[in-house]
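Undergrad: need coordinates for the below:
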Amino acid sequence: MRIILTLFYIILVILAVSFAGLNATPVQVNFYFTSLNMPVSVLIIYIFGIGVIGGFMMFLFKYWRLKTENFKIKNQLKLTEKEIKNLRAIPLKDQH
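TA: Residues are numbered from 1 along each chain as shown. Sure thing, here's the model as predicted:
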């Protein structure tokens, strides 16, 4: 399995290097206040990295929100189970 993974990484690196070689033409990227000249492949890698980081941040936000909701529900469940246990311990009284 380790050999297959190593081969996969080697093929991935070869593809990335060939992609960078094919897209070495510099382009001008205009930001609102400045502009940069960079190869297309570097620009694509930067944009991909920004997308990965943004997606990860959104995932973390959702994860933390669900984690706090889960914590609240567990606490509510504990209180409900304690209340049920207390109600079962109360002896029944006859109406007569």
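
Undergrad: strands of the chain, start to end?
TA: 26-30, 35-39 (DSSP state E).

Undergrad: which of the ones you listed sits closest to residue 87?
TA: Closest to residue 87 of those, according to C-beta to C-beta: strand 26-30, at 67.7 Å. All C-beta spots, glycine's among them, are computed from the backbone N, C-alpha and C.

Undergrad: got the angle between that closest one and strand 35-39?
TA: Interaxial angle, strand 26-30 versus strand 35-39 (axes from the mean of the first three to the mean of the last three C-alpha atoms, to 10 degrees): 150 degrees.

Undergrad: just the CA coordinates of stretch 87-96, formatted as PDB?
TA: Taking Å, rounded to 0.1, in the frame of the first residue of the first chain, the C-alpha atoms of stretch 87-96 are listed here in PDB:
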ATOM      1  CA  LEU A  87     -40.500  11.100  39.000                       C
ATOM      2  CA  ARG A  88     -40.200   7.300  39.100                       C
ATOM      3  CA  ALA A  89     -38.900   7.400  42.600                       C
ATOM      4  CA  ILE A  90     -42.000   9.300  43.900                       C
ATOM      5  CA  PRO A  91     -44.500   6.800  45.400                       C
ATOM      6  CA  LEU A  92     -48.000   6.600  44.000                       C
ATOM      7  CA  LYS A  93     -50.700   7.800  46.400                       C
ATOM      8  CA  ASP A  94     -54.300   6.500  46.400                       C
ATOM      9  CA  GLN A  95     -57.100   9.000  45.900                       C
ATOM     10  CA  HIS A  96     -59.200   7.300  48.600                       C
END
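
Undergrad: was I right about residue 28 contacting residue 35?
TA: Yes. With contact defined as C-beta atoms under 8 Å, residue 28 counts as touching residue 35 (5.6 Å).

Undergrad: okay, the angle between the longest helix seen in the chain and strand 26-30?
TA: As assigned by DSSP state H, the longest helix anywhere in the chain is helix 40-89. If you take the same axes, to 10 degrees, helix 40-89 sits at 50 degrees to strand 26-30.

Undergrad: what packs against helix 40-89?
TA: For helix 40-89, the packing partners by 3 or more C-beta pairs under 8 Å, 6 or more residues apart in numbering; DSSP states H and E come out as helix 2-22, strand 26-30.
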